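**Student:** Sequence plus the predicted model coming up.
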Amino acid sequence: MKAVARSPRQLLVALFDAAVAAAQPARCLPPHLDGLLQGVAGRIRIVGAGKAAGAMAQTLEACWTKASERISGLVVVPYGHAASLRHIESIEAAHPLPDAASERAATRMLAAVQGLGADDLVLVLLSGGASALLAAPLAGITLGEKRAVTASLLASGASIDEINTVRKHLSRIKGGRLALAAQPARVLTLAISDVADDDLASLGSGPTAPDPTTCAEALEICRRHDIVLTPGMAALLGSGQAETPKPGDPRFAGHEARIIASGRTALAAAAGVARAHGIRPLILGAAIEGEAREVAKAMAGIARACRQAGTPVAPPCVLLSGGETTVTVRGRGRGGRNGEFLLALALALRGAAGIHALAADTDGIDGTGGNAGAFLDPDSLARAGALGIDARGRLLDNDAHAVFAALDDLLVTGPTRTNVNDFRAILIEP
């Protein structure tokens, strides 16, 4: 394909759009639906949760019109993600912290998969965000207590795997318990992954996957991050009463799970667009984790090396990466991990010429700011300074959103109805 001249920002948007499009259910789900109903003599119960669950259910209904009379179920999506469906109910609930609707949805989902037979199929449509959308605390734990622990974990700098380890052990539906509730029906999970290594035990806190983590690990995570547990939670975890079913449990025999799209899918699509425009892509990884500020410093170093020495790749080039960084909240600002990454990147680059960047969440929401992410240009710090903005002080206050809003450099997409986690592109000109 002949390269088309575009501004740096236009090219960055094209890369992001390609990444999101590659993970849309209408594109990635149909190939996995062919032949799935062969041998299914009974009912087809569809359940799902996550930011992509509504679009996944729409795609399924469009592909399975001949089996429509056998289909029923429900999917749970964040507020603002409602889907128009004919045979599957769409329920909205809160994210990233659960609310009463999350608890009602989880209770209904558990009931929906019970009472089925061996000839029936439970098809689980899973995507990022499911952990908050399905909240079914163990007996003796209130929703408010679980919400408080989740909020503390999210602000602590704990990784998503650590957060989900704790959530699984305090839940009636996570950590494989949804699959066990569906016995003896066959369970098939189709997932759009937003977690490192596409680990189904972590995705959505693994409602259909056996859980290799333990109560002891959940307690250690809480201790390490200074998370205060209620006496009831501490007793359940300390006694092992909250233990989840483990790999090798025969009750999972015959169940199947497939990853239909992931961060790697998105990065590969973006790389293809870059090549079509004569830009060399270098994929640094789809599962990069760590404190957003520290990841930014490392990537600034790589970008400088490309610009100055042509290594590990010579300009014009773009560094692509995904995964989920963390932010330890110490300030009072309105952040978002992608905004925090970009502001730290700007400070590390110190206005280096010819380096532009975009960082955004593929679900269209970076933190609580209402934006997907933001843009960074070589003159971003200078423009902020001209407005009297102390960029370093704003970073210390976890207030990156205010900086990029003042610069009119926010990327606003609205909900994309998919989620393969963060997308970062650092474009380096000759």
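**Tutor:** Received it, and whenever you're ready, just let me know what you need. Residues are numbered from 1 along each chain as shown.
**Student:** tell me which residues of the lengthiest strand in the chain are tucked away?
**Tutor:** The longest strand of the chain (DSSP state E) is strand 280-291. Neighbour-count burial for strand 280-291 flags 280, 281, 282, 283, 284, 286, 287, 288, 291 (criterion: 16 or more other CB atoms under 10 Å). To be clear about C-beta, it is placed using only N, CA and C from the backbone, and glycine gets the same treatment.
**Student:** Show me what that strand pairs with in its sheet, parallel or antiparallel.
**Tutor:** Here strand 280-291 is paired, per DSSP bridges, with strand 317-326 (parallel).
**Student:** what about the closest residue to residue 311 other than its chain neighbours, is that helix, strand or coil?
**Tutor:** Nearest non-adjacent residue to residue 311, counting by CB to CB, 6 or more residues apart in numbering: residue 305, 5.5 Å away. Secondary structure, DSSP: H, G, I helix; E, B strand; the rest coil: residue 305 is helix.
**Student:** can you check residue 124 too?
**Tutor:** Following three-state DSSP, we place residue 124 in the strand state.
**Student:** I figured it hits residue 48, correct?
**Tutor:** Yes: counting by CB atoms under 8 Å, residue 48 is a contact partner of residue 124 at 6.1 Å.
**Student:** Next secondary structure after the one helix or strand residue 257 maps to?
**Tutor:** If you go by DSSP states H and E, residue 257 is part of strand 256-261. Sequence order places helix 263-276 as the next helix or strand after strand 256-261, per DSSP H and E.
**Student:** Identify each buried residue in that next one, please.
**Tutor:** Buried residues in helix 263-276, counted by 16+ other CB under 10 Å: 263, 264, 265, 266, 267, 268, 269, 270, 271, 273, 274.
**Student:** closest to residue 372 among the residues you listed?
**Tutor:** Lowest distance from residue 372 to the buried residues of helix 263-276 (CB to CB) belongs to residue 266, with 13.2 Å.
**Student:** Tell me the pLDDT of the closest residue in space to that closest one that isn't next to it in sequence.
**Tutor:** Nearest residue to residue 266, sequence neighbours excluded (CB to CB, 6+ apart): residue 19, at 3.7 Å. Reported pLDDT at residue 19 in the predicted model: 98.
**Student:** Is residue 19 in contact with residue 424, as I believe?
**Tutor:** No: counting by CB under 8 Å, residue 19 stays clear of residue 424, with 10.2 Å between them.
**Student:** hang on, the earlier thing: could you dump the buried residues of helix 263-276 to CSV with pLDDT?
**Tutor:** Shown next, in CSV, are these (pLDDT from 0 to 100):
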residue, pLDDT
263, 97
264, 97
265, 97
266, 98
267, 98
268, 98
269, 98
270, 98
271, 98
273, 98
274, 98
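**Student:** Go through those residues and say which is closest to residue 61.
**Tutor:** The shortest gap between residue 61 and any of those belongs to residue 265, at 22.9 Å (CB to CB).
**Student:** which residues touch the closest residue to residue 204 other than its chain neighbours?
**Tutor:** Among residues not flanking residue 204 along the chain, residue 130 sits closest, at 3.0 Å (CB to CB, 6+ apart). When contacts are counted by CB atoms under 8 Å, 6 or more residues apart in numbering, residue 130 touches 49, 50, 53, 76, 203, 204, 205, 207.
**Student:** which residues touch the fifth one?
**Tutor:** In this structure, residue 203 makes contact with 126, 127, 128, 130, 191, 193, 194, 195, 209, judged by CB under 8 Å, 6+ apart.
**Student:** try residue 229
**Tutor:** If you count contacts by CB under 8 Å, 6+ apart, residue 229 has them with 149, 222, 237.
**Student:** Where does it sit: helix, strand or coil?
**Tutor:** The three-state label for residue 229, taken from three-state DSSP, comes out as coil.
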